[in-house]
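In: Fold the stuff below for me.
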Amino acid sequence: IKGLHQKLILTQTPNVKLKDCVSCHSSSLTEAEILNERGVFPIFGATGIISYSENYLIDEDAIMIIKDGSGVGKVQYGTGKFSVIGTLNYLTIKSYVNLKYIFFCLKFFNFNTYKVGSGIPHIYFKDYGEALIYCPCLDEQNKIEKLLSSIDEKINLENTLLKKLKDQKKHLLQNLFI
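Out: Residues are numbered from 1 along each chain as shown. Next comes the predicted model:
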């Protein structure tokens, strides 16, 4: 997927600022506030879903980016109704752009040049929002996104299968010497 991404997106001439494609939002939720929450709506943190709540803050697809800490710049994609904690920014669609295409642009984006802070690294949208990305017409974005999404789904499926096979191997080895 990295090779295809590089060929389809990175080798093209960047033509649009990221801030012209998406809007950046943040949350004031802290991990301590949601620790004992129970509900059906996921709450995302740096490592993925960290809890569930009866309430949600976001009711649209969004790209979530870790804005501070060791995982700074890691991106996740959220759909439906969900919330994020304060260590994440979330980006929503601004113009006639395929949000999932922008997600793939950012998945392999180099945020290192935008990191600030010596102890705990941070990135700010005001800085990386000025970065130019390759943004073709909507039809081309849809084609690229569908191709990369299908490969991404296949990778996730194979990783799930691999985990199940490793669990089965562990179980069989434990029972082999009983």
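In: Now do the buried residues in the lowest-mean-pLDDT helix or strand in the chain.
Out: One helix or strand of the chain scores below all others by mean pLDDT, DSSP states H and E: helix 2-5, with a mean of 84. For helix 2-5, burial by neighbour count (16 or more other Cβ atoms under 10 Å) applies to H5. The way it works is simple: take the backbone N, C-alpha and C, and place the C-beta from them, glycine included.
In: Contact partners for L148?
Out: I1, L4, H5, L8, F104 (Cβ atoms under 8 Å, 6 or more residues apart in numbering).
In: where's the second one relative to P136, distance?
Out: Look at L4 and P136: by Cβ to Cβ, to the nearest Å, they are 15 Å apart.
In: Can you give me the buried ones in stretch 76-90?
Out: Under the neighbour-count rule (16+ other Cβ under 10 Å), stretch 76-90 has Q76, Y77, G78, F82, S83, V84, I85, T87, L88, N89, Y90 buried.
In: What about the residues you listed, which are in strands?
Out: When DSSP state E is applied, those are split such that Q76, Y77, G78, S83, V84, L88, N89, Y90 fall in strands.
In: surely the last one meets D61?
Out: The one in question is Y90. No: Y90 sits out of contact with D61 when judged by Cβ atoms under 8 Å, with a separation of 9.9 Å.
In: Now the common contact residues for the two.
Out: Contacts common to Y90 and D61, judged by Cβ under 8 Å, 6+ apart, are G78.
In: Give me the nearest residue to L10, chain neighbours excluded.
Out: F108 (7.1 Å; Cβ to Cβ, 6 or more residues apart in numbering).
In: for the one you found, what are its contacts?
Out: By Cβ under 8 Å, 6+ apart, F108 lies in contact with K2, H5, Q6, I9, L10.
In: Spatially central, which residue of the chain would that be?
Out: With distances taken as Cα atoms, centre = their mean, Q76 lies nearest the centre of the chain, 1.5 Å away.
In: which one is that residue nearest to, not counting chain neighbours?
Out: Of all residues not flanking Q76 in the chain, M64 sits nearest, at 4.5 Å (Cβ to Cβ, 6+ apart).
In: Can you report how many residues neighbour that neighbour?
Out: Using other Cβ atoms under 10 Å, M64 is surrounded by 25 other residues.
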